[in-house]
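Asker: can you look at this prediction? I've put the sequence above it.
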Amino acid sequence: SERTLVLVKPDGVSRGLVGEVISRIERKGLTLAALELKTVERAVAEQHYAEHDGRPFFESLLEFITSGPVVALVAEGPRAISAFRQVAGGTDPVDKAVPGSIRGDFGLEVQYNLVHGSDSPESAEREIKLWFPNL
Ligand code: ATP
């Protein structure tokens, strides 16, 4: 069994899609190992998105992710990392995410793509430590 770090980003929380996202995670067969609503500090956001430091959208991404509360959760199950990325859909909600995925069904713009999911076992371990140091 594997664990992945999922965020419902500020756009997902403000649009009232927290239940929708959690429901899709559960219906996929993944289970919740941790769950918290929190407004993230800039330093945590910088660490979370460290790999994007220097990209043109980095500053705007940090402003967005710290703009309101997010729901952070750890989902667990066989191939949880890939399974959640399938449930989320591709990064661009229109060009990449297919209908039936969270981003494909609810998203329009690449920055406001509603959810984050770890992209590898190494990222998952790093991100789970960052968001849930006590887990
Ligand atoms: P996440 O890491 O949030 O799951 P991802 O792995 O699908 O998303 P990344 O390429 O890692 O996508 O980009 C991280 C996040 O940065 C995206 O989810 C999106 O919110 C934002 N982002 C990516 N590309 C752009 C862009 N061209 N313009 C604005 N924001 C972007």
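Answerer: Sure thing, it's come through. Only a predicted model underlies this, so the values are computations on that prediction, with no experimental measurement involved.
Asker: what residues does the protein have near the ligand?
Answerer: 57, 61, 91, 110, 111, 113, 116, 117, 119 (Cβ under 6 Å from any ligand atom). Just so you know, the C-beta spots here come from the backbone N, C-alpha and C atoms, and that holds for glycine as well.
Asker: from these, list just the buried residues.
Answerer: The neighbour-count test (16 or more other Cβ atoms under 10 Å) marks 61, 110, 111, 113, 116, 117 as buried among the residues of the chain next to the ligand.
Asker: in strands, which of those residues fall?
Answerer: 116, 117 (DSSP state E).
Asker: including pLDDT, could the buried ones among the residues of the chain next to the ligand go into TSV?
Answerer: As requested, those are exported to TSV (pLDDT from 0 to 100):
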residue	pLDDT
61	98
110	98
111	98
113	98
116	98
117	98
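Asker: secondary structure element for residue 103, which one?
Answerer: Element membership for residue 103 (DSSP states H and E) is helix 102-106.
Asker: ok, residues contacting that helix?
Answerer: Defining contact as Cβ atoms under 8 Å, 6 or more residues apart in numbering, one finds that helix 102-106 is touched by 12, 15, 17, 20-21, 24, 87-93, 96-99, 113-115.
Asker: can you do 7 Å?
Answerer: Residues outside helix 102-106 that contact it (Cβ atoms under 7 Å, 6 or more residues apart in numbering): 17, 21, 24, 87-90, 93, 97-99, 113-115.
Asker: export it as CSV, just CAs?
Answerer: Taking Å, rounded to 0.1, in the frame of the first residue of the first chain, the C-alpha atoms of helix 102-106 are listed here in CSV:
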residue,chain,number,x,y,z
ILE,A,102,-11.9,16.4,-11.1
ARG,A,103,-10.0,19.0,-13.2
GLY,A,104,-11.8,17.9,-16.4
ASP,A,105,-15.2,18.3,-14.8
PHE,A,106,-14.7,21.4,-12.7
